[in-house]
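> Structure for the following, please:
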Amino acid sequence: MKSMQLTGIRQMEMLDVPKPDIQNDGDVLVRMQTVGVCGSDVHYYVTGKIGSQVVRYPFPVGHEGAGTVEKVGSAVSSLRAGDRIAVEPAMPCGTCDQCLAGRPHTCRKLRFLGCPGQAEGCLSEYIVIPQGSCLPLPASMSFEQASISEPLAIGLYAARLAGELSGKNIAILGSGPIGLSVLTGVRLAGAGNVYITDKIDERLSISRKSGATGTYNILKQDVVMEMKKLEPLMLDIVFECCGRQEALDQAVDLLKPGGKLLIVGIPQFSRFSFSVDDLRRKEICIRNVRRQNGCDQEAIRVIADHSVTVDHWITHRFGFEDGKKAFDLVDGYRDGVMKAMIAI
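Down below sits the predicted model:
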């Protein structure tokens, strides 16, 4: 089968590799149809690692996917060949203390698609995954929408972690797919004013169409100064969605005393820093957000019942053989890219 794999820093090639087959009774063979390019995929493409997760080449990334069931193991009763599914990339053990505590996203033995040392990604014609990672799709949902349900689930989980959002005034720093997912999540939860920032005007335009109260290009505007005019008491909650040190500094300035900072973005560096004086005087609460923790079904539901519209998130489409072009586009933030989608 064909598999688009990382072969070095900013290098990617289409390789011929053996087609996987079912080894365990509870596994499912999936014919991939679409894969979205995620920022974490691009981190591996550009630097060869995220923290302690280091790529050993060649390696296929990709975890935002959807496809068709080709074959099922003998113990699989909920799926059959021909079923359309979204891929849940997390594969927890189900038995460790974290799984039993309702935290499968921090499972001690977690395997995640496209993570070095855990599991190969889905940027291939076929993958084999456990039946629990196959989420059946409504007939009305497209494969592209199903692929977007994965990042959307992260935004829904981030909104859940923030607590009561009704009437809360919020900033989202970074208007890429994750920032847009958080915007969707907080809007569904009844947030008050929601402001969003980015460096790319085209992304900010999409955010306005998706319900942002106000949008700011940080290269052209002093966001903190502008926010003080609109919200003199400053903001209740800030979501950092771009993995930048300057965004964290800005987040602390934007928060009112007692405010919450939720860190969603994945940086390419290993350490953040904060002004201790500002954090202490304001008594800022900091919370990390780790993936989606069970919000995938909700993401599928809100897309399927038209509570949210996600088709306009996709700004660029590529054929399988042009996977490298997709990664280069997202890496360079070119042409106003929001979400690049690869058809397998």
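> Let me know the secondary structure of the most centrally placed residue in the chain.
In the chain, the centroid-proximal residue (Cα atoms, centre = their mean) is Pro151; its distance is 3.3 Å. With DSSP: H, G, I helix; E, B strand; the rest coil as the basis, Pro151 sits in helix.
> So it sits against Ser181, correct?
Yes. Counting by Cβ atoms under 8 Å, Pro151 does reach Ser181; the two are 5.0 Å apart. Where C-beta positions appear, they are placed from N, C-alpha and C, glycine not excepted.
> quick revisit: show the pLDDT at the residue nearest to the centre of the chain.
pLDDT, Pro151: 97.
> How about the contacts made by it?
36, 38, 64, 177-178, 181 (Cβ atoms under 8 Å, 6 or more residues apart in numbering).
> Below-threshold pLDDT in this protein: ranges please.
Within the chain, no stretch has pLDDT under 70.
> quick check: domain ranges of it?
With domains defined by automatic domain parsing, the chain comprises 2-136+309-343, 155-288.
> Reformat those into TSV and put mean neighbour count and distance to Glu298 next to each item.
Shown next, in TSV, are the domains of the chain (neighbours: other Cβ atoms under 10 Å; distance: least, Cβ to Cβ, whole Å):
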stretch	mean neighbour count	distance to Glu298
domain 2-136+309-343	18	11
domain 155-288	19	6
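> JSON lines for these, including distance to Cys295?
Converted to JSON lines, those look like this (distance: least, Cβ to Cβ, whole Å):
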{"stretch": "domain 2-136+309-343", "distance to Cys295": "10"}
{"stretch": "domain 155-288", "distance to Cys295": "4"}
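> To Ser147, which of these lies closest?
Proximity to Ser147 (Cβ to Cβ) singles out domain 2-136+309-343 among the domains of the chain, at 4.5 Å.
> Run the chain-centre distance for the closest one.
With Cα atoms, centre = their mean, to the nearest Å as the basis, domain 2-136+309-343 stands 12 Å off its chain's centre.
> how far does it stretch from start to finish?
End-to-end distance of domain 2-136+309-343 (Cα to Cα, to the nearest Å): 13 Å.
> Strands of the stretch 1-150 of the chain, start to end?
For the stretch 1-150 of the chain, applying DSSP state E, counting those that start in this stretch gives strands covering 2-8, 11-16, 27-36, 49-50, 53-54, 64-72, 84-87, 90-91, 111-112, 126-130, 134-136.
> C-alpha coordinates for stretch 54-69, CSV please?
Output of stretch 54-69 as CSV, limited to C-alpha atoms (Å, rounded to 0.1, in the frame of the first residue of the first chain):
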residue,chain,number,x,y,z
VAL,A,54,11.4,11.9,18.8
VAL,A,55,10.7,10.6,15.3
ARG,A,56,12.6,7.6,14.0
TYR,A,57,12.5,7.8,10.2
PRO,A,58,10.7,6.8,8.2
PHE,A,59,7.5,7.5,10.1
PRO,A,60,3.9,8.2,9.1
VAL,A,61,2.2,11.0,11.1
GLY,A,62,-1.5,12.0,11.0
HIS,A,63,-4.3,11.6,13.5
GLU,A,64,-7.2,13.7,12.2
GLY,A,65,-8.8,11.1,10.0
ALA,A,66,-11.9,9.3,8.7
GLY,A,67,-12.4,6.3,6.5
THR,A,68,-14.3,3.1,5.7
VAL,A,69,-14.2,-0.2,7.6
